[in-house]
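Asker: A predicted structure for the sequence below; I have some questions about it.
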Amino acid sequence: MSDQCLTTNYFVLTPRRSPHGGGGPGVGPICVAEHLAPFLPGHPVVEVGGEHSIEAVSAAPFGSASILLISWAYIRMLGGTGLKKSSQVALLNANYMASRLSSHYTLRYKNANGRVAHELMIDLAEFEKSANLKVADFAKRLQDYGFHPPTCSWPTSTCMLIEPTESETLEEIERFCDAMIRIREEVEDVVTGKQPKDNNVLRNAPHPQSVVIADNWDR
């Protein structure tokens, strides 16, 4: 496939995933149909792309192969036993979070036993109808609680994809779940009319210091 990538421009390598997860980065082949080949990115040194290509999107014309060193080092340092343990902990973390959040949010793609894999997906579509709130509003509000939002609107536009990996401590997982549950309570205030749909803590989020200590409060 890499030879085909070099000769036809029908394929372009771009960062996709790595073993550690958490939203990437990684390396994998991204394929495009023939009619899209003329629009693949160009490069100032290597002749790639088509007649309608945009400028380079990365320093490496076929993706950054150096990212593969992360995968190699990760596996090499952990070894077989460590890699298995790492996967087990990642699965445990994701299912623990799913268990805590399932009574507050709609959980997508569970198996017959109600379990998820190494990540969980919560669907926020219902709140767009009942409270005029979208995924981005939840993401912005998470910043007020001190969290960088997880993957939003992918692979489903109304969902938030949460992947704790094996690295997060139980304390940090609990803190995140507490924040999501508290946000759900704030959403309920919007649903029930305690907060207006067009002026509430989620729609106005995030609340940086400049807003919090301002002389005037209009939120």
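Answerer: Yep, it's here. Numbering: from 1, shown residues only.

Asker: and the residue positioned nearest the centre of the chain, its phi and psi?
Answerer: Within the chain, the residue whose C-alpha comes closest to the C-alpha centroid is Thr151; the distance, by C-alpha atoms, centre = their mean, is 1.6 Å. Backbone torsions of Thr151, given as degrees, to the nearest 10, read phi -60, psi 130.

Asker: go on, Arg182?
Answerer: Here is the backbone geometry of Arg182 (degrees, to the nearest 10): phi -60, psi -40.

Asker: ok, and the closest non-adjacent residue to it?
Answerer: Beyond its immediate neighbours in the sequence, the residue positioned closest to Arg182 (C-beta to C-beta, 6 or more residues apart in numbering) is Tyr145, lying 7.4 Å away. Glycine gets a C-beta too; all of them are placed from N, C-alpha and C.

Asker: tell me how far that neighbour lies from Phe176.
Answerer: In this structure, Tyr145 and Phe176 are separated by 8 Å, where distance is defined by C-beta to C-beta, to the nearest Å.

Asker: neighbour count winner among those two?
Answerer: Higher neighbour count among Tyr145 and Phe176: Phe176, with 21 against 15, using other C-beta atoms under 10 Å.

Asker: assign a three-state SS to the more buried one, would you?
Answerer: Three-state call for Phe176 (DSSP: H, G, I helix; E, B strand; the rest coil): helix.

Asker: contacts for stretch 158-175?
Answerer: 20-23, 86-87, 89-90, 93-94, 96-97, 108, 118-125, 128, 134-135, 138-139, 149-155, 176 (C-beta atoms under 8 Å, 6 or more residues apart in numbering).
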